[in-house]
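Colleague: Predicted structure and sequence below. I'll ask about it afterward.
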Amino acid sequence: MFNDAVRQQDWAVFLATFAPDAVMAFDGVAVGPYTGLDEITNAYATRPPTDTMTCESVARDGDTDIVRFAWDAGGHGTMRVTWRADQVAALTITFEA
């Protein structure tokens, strides 16, 4: 879903997975955190990602998925996705050097 949004530069379907009060934060990058769907939507509208990613592994810890990924243009990171029902309640992205 994320990769399709990057390719099409259309974030509507991707953003529909976020809860209205979701929080998106970044470790190692001087942006955010973004609180609430309006701020998250604005972040994607003003600074959209341009690179797709490949999932390397997924581990589950309660209601949180820990996803290791590789950017297709190079570099790695981890996403911690906390779910509430079927919506993303919190997303923390850590980029690795």
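Modeller: Received it, and whenever you're ready, just let me know what you need.

Colleague: The protein: helices as residue ranges?
Modeller: 2-8, 12-15, 37-46 (DSSP state H).

Colleague: Now do the last one: which elements does it pack against?
Modeller: It stands for helix 37-46. Where contact means 3 or more CB pairs under 8 Å, 6 or more residues apart in numbering; DSSP states H and E, helix 37-46 is packed against helix 12-15, strand 18-27, strand 34-35. C-beta coordinates here come from the backbone N, C-alpha and C atoms, glycine included.

Colleague: Which one of the ones you listed lies nearest to Ser57?
Modeller: strand 18-27 (18.2 Å; CB to CB).

Colleague: Report the distance from that closest one to the chain centre.
Modeller: For strand 18-27, the separation from the chain centroid amounts to 8 Å (computed by CA atoms, centre = their mean, to the nearest Å).

Colleague: strands paired with it, and their directions?
Modeller: Here strand 18-27 is paired, per DSSP bridges, with strand 34-35 (antiparallel), strand 87-96 (parallel).

Colleague: got a list of what Ala43 touches?
Modeller: With contact set as CB atoms under 8 Å, 6 or more residues apart in numbering, Ala43 has these partners: Met24, Val31, Gly32, Tyr34.

Colleague: so Met79 bridges to which residues?
Modeller: Beta bridges link Met79 to Val67, Ile93 when assigned by DSSP bridges.

Colleague: Quick one, grab the pLDDT at it.
Modeller: At Met79, the pLDDT value in this model is 96.
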